[in-house]
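*Asks:* fold the following, please.
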Amino acid sequence: MSELDQVLPQFQRGRLEYGGGYSNHGPMAAEALDALGHAALIPALADVYTPRLGILEEGELIAHDKRRESLGNGADADWVVTFCHCVEDSSWEQVLSEWLPHLLPGLFAAAGHGLLRTAHAVRAVRSSETQPRIQEVAYGLGYWASRYQALPGEPGSDPVIGRSPAAWVESLSPLPIEERSGSFFSDSVLALEGRLDFVEGVASLDLDSHQGLAQISALCAVAAGRYLENPDEKVALAHAVTLPSAIRLLASELQASDLRRAVGFATQAVGALVMTRGASRVGSRDTVDEEIRRLAVEDAEMRYVAACSAEEHAIKLCEACLREDAVASDPRLRWAAAHAALRMGVSAGARGA
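*Replies:* You can find the predicted model right below:
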């Protein structure tokens, strides 16, 4: 049994959130460690991470005819039980095929962590179809459904030809501090309610300007630049990279029309993070020091340094940046990967977001 299969049941016993609203990153970080080539460190990550999680309470199966209306009700355990039943009753592929189109508009669930946990689970089960990995698909979907949250606007509903997702995000300016809401970046939706500039910008996206997966590469590179420009918001803006990159991990499970929708909703989420968590613009190149530049040319060392940090965001962001850079190389992606490995920190208590 692999290291990942050994620890997934440990993470699945834990709550989906801990410490007053922080997401359980354990299974996502463990799967990313495997992808980085450092699966040997997965048990150590579990030893550090699982004590903070507590135990997920027992849930009750949600009736079939109540499921759609129950999206976003916060009933974590009930949704997990429901999706565990679904994958046992049919197959994880069939469950994804049925539910992903319905969940995509609520992609910002738990600031995107429902999507992220599902995407990492899908990559894992595609690699090896074991029971813990199948269960992890159910846990990811359960988290996504329980926290389902839609942002304002309808992506691509009034497109401006040539306004790609990357171009739109590149054009955004952050909101003034006094116009933001809450301390969690999942509160972004509150700050954006009623903002016509955001709603109209989302509507103006040209989701056909490039092929879907090419849109993802360009969007992740722009988001990596914004991450580098805002070191005080590095945790929040790390997700501006990992969220669209997660769509790549789900692409094989989506019809072409749903992939297009997914890119739009991911762009909407990235825009929300940039507007509500970014600071005044500076050039991303100006924030990259010599230590980061040196590490950025060494793939194996970046993977090693990020893995040894045992810091969930460093592991996930470094892996996502290297994944996207392998598709369409961009210095911002490599700099962000190196920055995450060196500067995100080390795992210490309930500090994940």
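
*Asks:* how far does stretch 30-45 stretch from start to finish?
*Replies:* Distance across stretch 30-45, first residue to last, is 7 Å (CA to CA, to the nearest Å).

*Asks:* ok, and what's touching it?
*Replies:* 2-4, 6-8, 11, 26, 29, 46, 120-121, 123-124, 303-304, 306-308, 310, 315-316, 318-320, 322-323, 347 (CB atoms under 8 Å, 6 or more residues apart in numbering). C-beta: built from backbone N, CA, C; applies to glycine.

*Asks:* helix/strand/coil for residue 210?
*Replies:* Per DSSP: H, G, I helix; E, B strand; the rest coil, the secondary structure class of residue 210 is coil.

*Asks:* residue 142 and residue 80 touch, don't they?
*Replies:* Yes - Residue 142 is in contact with residue 80 according to CB atoms under 8 Å; the separation is 3.7 Å.

*Asks:* shared neighbours of these two, anything?
*Replies:* By CB under 8 Å, 6+ apart, residue 142 and residue 80 have these common neighbours: residue 16.

*Asks:* which one's more surrounded, those two?
*Replies:* The residue with more neighbours, out of residue 142 and residue 80, is residue 142; 28 against 25, by other CB atoms under 10 Å.

*Asks:* check which helix or strand covers the more buried one.
*Replies:* In this assignment (DSSP states H and E), residue 142 forms part of helix 131-146.

*Asks:* helices and strands around that helix, which ones?
*Replies:* With contacts defined as 3 or more CB pairs under 8 Å, 6 or more residues apart in numbering; DSSP states H and E, the packing partners of helix 131-146 are helix 3-13, helix 76-89, helix 92-103, helix 113-127.

*Asks:* let me have those helices in JSON lines, extended by distance to residue 246.
*Replies:* What follows is these, written out as JSON lines (distance: least, CB to CB, whole Å):
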{"stretch": "helix 3-13", "distance to residue 246": "18"}
{"stretch": "helix 76-89", "distance to residue 246": "18"}
{"stretch": "helix 92-103", "distance to residue 246": "12"}
{"stretch": "helix 113-127", "distance to residue 246": "4"}
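
*Asks:* out of those, which one sits most buried?
*Replies:* Using mean count of other CB atoms under 10 Å, the stretch among those with the greatest mean number of neighbours is helix 113-127 (a mean of 25).

*Asks:* give me the buried positions along stretch 14-22.
*Replies:* 14, 15, 16, 17, 18, 19, 22 (16 or more other CB atoms under 10 Å).

*Asks:* going by distance to residue 114, which of those residues wins?
*Replies:* residue 16 (8.9 Å; CB to CB).

*Asks:* please give me every residue in contact with residue 140.
*Replies:* 114, 116, 117, 118, 119, 120, 121, 122.

*Asks:* distance to residue 161 for those - can I get that in JSON lines?
*Replies:* Shown next, in JSON lines, are the contacts of residue 140 (distance: CB to CB, whole Å):
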{"residue": "114", "distance to residue 161": "33"}
{"residue": "116", "distance to residue 161": "32"}
{"residue": "117", "distance to residue 161": "36"}
{"residue": "118", "distance to residue 161": "33"}
{"residue": "119", "distance to residue 161": "30"}
{"residue": "120", "distance to residue 161": "35"}
{"residue": "121", "distance to residue 161": "37"}
{"residue": "122", "distance to residue 161": "33"}
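
*Asks:* distance to residue 259 and pLDDT added to those, as JSON lines?
*Replies:* As requested, those are exported to JSON lines (distance: CB to CB, whole Å; pLDDT from 0 to 100):
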{"residue": "114", "distance to residue 259": "18", "pLDDT": "97"}
{"residue": "116", "distance to residue 259": "17", "pLDDT": "98"}
{"residue": "117", "distance to residue 259": "20", "pLDDT": "98"}
{"residue": "118", "distance to residue 259": "15", "pLDDT": "98"}
{"residue": "119", "distance to residue 259": "13", "pLDDT": "98"}
{"residue": "120", "distance to residue 259": "18", "pLDDT": "98"}
{"residue": "121", "distance to residue 259": "18", "pLDDT": "98"}
{"residue": "122", "distance to residue 259": "14", "pLDDT": "98"}
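
*Asks:* now, which of the residues you listed sits nearest residue 235?
*Replies:* Within the contacts of residue 140, the smallest distance to residue 235 is 13.3 Å, found for residue 116 (CB to CB).

*Asks:* isn't the closest one right up against residue 27?
*Replies:* No - between residue 116 and residue 27 there is no contact under CB under 8 Å: 10.0 Å.

*Asks:* name the helices or strands packed onto the least confident helix or strand in the chain by mean pLDDT?
*Replies:* Within the chain, no helix or strand scores below helix 188-192, which has a mean of 76 by mean pLDDT, DSSP states H and E. Packed against helix 188-192 by the contact rule (3+ CB pairs under 8 Å, 6+ apart) you find helix 256-277.

*Asks:* now do the helix it packs on, average pLDDT.
*Replies:* Averaging pLDDT along helix 256-277 yields 95.

*Asks:* could you name the helices and strands sitting against it?
*Replies:* Against helix 256-277 (3+ CB pairs under 8 Å, 6+ apart) you get helix 92-103, helix 165-171, helix 188-192, helix 196-203, helix 212-229, helix 234-250.

*Asks:* in it, which residues are buried?
*Replies:* The neighbour-count check on helix 256-277 (16+ other CB under 10 Å) flags 258-277 as buried.

*Asks:* output that helix as PDB, restricted to C-alpha atoms.
*Replies:* C-alpha atoms of helix 256-277 as PDB (Å, rounded to 0.1, in the frame of the first residue of the first chain):
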ATOM      1  CA  ALA A 256     -16.100  20.700 -23.700                       C
ATOM      2  CA  SER A 257     -19.000  23.000 -22.800                       C
ATOM      3  CA  ASP A 258     -18.500  22.400 -19.100                       C
ATOM      4  CA  LEU A 259     -14.700  22.900 -19.400                       C
ATOM      5  CA  ARG A 260     -15.500  26.300 -20.900                       C
ATOM      6  CA  ARG A 261     -17.800  27.100 -18.000                       C
ATOM      7  CA  ALA A 262     -15.200  25.900 -15.500                       C
ATOM      8  CA  VAL A 263     -12.600  28.200 -16.900                       C
ATOM      9  CA  GLY A 264     -15.100  31.100 -16.600                       C
ATOM     10  CA  PHE A 265     -15.900  30.300 -13.000                       C
ATOM     11  CA  ALA A 266     -12.300  29.800 -12.100                       C
ATOM     12  CA  THR A 267     -11.400  33.200 -13.600                       C
ATOM     13  CA  GLN A 268     -14.300  34.800 -11.600                       C
ATOM     14  CA  ALA A 269     -12.700  33.300  -8.400                       C
ATOM     15  CA  VAL A 270      -9.200  34.600  -9.400                       C
ATOM     16  CA  GLY A 271     -10.700  38.000 -10.000                       C
ATOM     17  CA  ALA A 272     -12.400  38.000  -6.600                       C
ATOM     18  CA  LEU A 273      -9.100  37.100  -4.900                       C
ATOM     19  CA  VAL A 274      -7.100  39.700  -6.700                       C
ATOM     20  CA  MET A 275      -9.600  42.500  -6.100                       C
ATOM     21  CA  THR A 276     -10.200  41.800  -2.400                       C
ATOM     22  CA  ARG A 277      -6.800  40.500  -1.300                       C
END
